[in-house]
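Asks: quick one, fold the following:
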Amino acid sequence: MKHDEIFEVIDGDDRVVGTAKRSECHGNPSLIHRTAHVVVFHPDGRILLQKRSTGKDIQPGKWDTAVGGHLMPGEDFETAARREMVEELGIPANLPLKHLFDLKIRNSIESENTGVFSTVHAGPFNFPETEIDEVRFWSGCELRREMEMEFGSFTPNLIVELEKLFEMKY
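Replies: Just a heads-up that it's a prediction; the model follows:
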């Protein structure tokens with residue numbers, strides 16, 4: 001985790017209006033920034049999730065999208081998605097990626113415009129243990145059951161993303 005990362009700050013129309021440090025963006029929802037996510041499907045249709053390290057500054061110990069990361073200045077969503085696949089799970093960057101949808105995630109911690117992609121990969125996965133405690137595939141039934149729990153173990157951003165996937169009848 002790089003606490004000194006610089007993010008592009010964007011306006012409501014997704015135009016770059018400046019830059020800010022990660023530490024400034026997380027905790028200040030008025031600083032909208034960009035992220036890329038990759039939903040990793042097993043060939044049998046299950047979805048891979050990562051359990052965030054308990055040492056993370058945002059949502060520690062919660063289950064989250066398999067691959068997610070911030071765009072570096074000047075980087076586009078797909079390039080960031082491919083870079084993050086390698087960095088977070090050791091997934092080859094040349095796997096086919098499909099753009100699924102875009103999300104505007106707004107909450108009390110942060111505001112992100114997110115490009116969501118998908119790929120198919122059964123593993124193996126190689127992840128940095130300082131960032132991720134565990135990865136595992138979940139069935140649609142398991143995901144829905146966890147989403148219904150009042151104090152579930154999913155990040156709020158993951159719930160928004162899964163709801164959109166289920167709307168699409170993934």
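
Asks: tell me which stretches of this structure form helices.
Replies: Secondary structure of the chain (DSSP state H): helices located at 22-25, 77-89, 140-148, 156-167.

Asks: what ranges does the chain have for its strands?
Replies: 6-10, 16-21, 32-41, 47-52, 63-65, 67-70, 98-106, 111-120, 132-138 (DSSP state E).

Asks: which other residues reach stretch 78-92?
Replies: 34-38, 40, 48, 50, 66-72, 75, 93, 95, 97, 99, 115, 117, 119, 121, 124-128, 131-132, 135 (CB atoms under 8 Å, 6 or more residues apart in numbering). Using the backbone N, CA and C atoms, a C-beta is placed for each residue, glycine as well.

Asks: mind checking how far the most centrally placed residue in the chain is from residue 5?
Replies: The centre of the chain sits closest to residue 68, judged by CA atoms, centre = their mean, with a distance of 2.9 Å. Between residue 68 and residue 5 the distance is 14 Å, computed by CB to CB, to the nearest Å.

Asks: also residue 62?
Replies: 21 Å.

Asks: ok, those two, which is more surrounded?
Replies: residue 62 (19 against 16; other CB atoms under 10 Å).

Asks: tell me the contacts of that one?
Replies: Neighbours of residue 62 in contact, by CB under 8 Å, 6+ apart: 51, 52, 153, 154, 155, 158.

Asks: just to revisit the earlier point, what are the bridge partners for the residue nearest to the centre of the chain, then?
Replies: Partner residues in beta bridges with residue 68, using DSSP bridges, are residue 37.

Asks: how close does it sit to residue 59?
Replies: 11 Å.

Asks: what is in contact with these two at once?
Replies: residue 157.

Asks: which helices and strands does the worst-scoring helix or strand of the chain on mean pLDDT pack with?
Replies: The least trusted helix or strand in the chain, going by mean pLDDT, DSSP states H and E, turns out to be helix 22-25, with a mean of 90. Contact here means 3 or more CB pairs under 8 Å, 6 or more residues apart in numbering; DSSP states H and E; on that basis helix 22-25 packs against strand 6-10.
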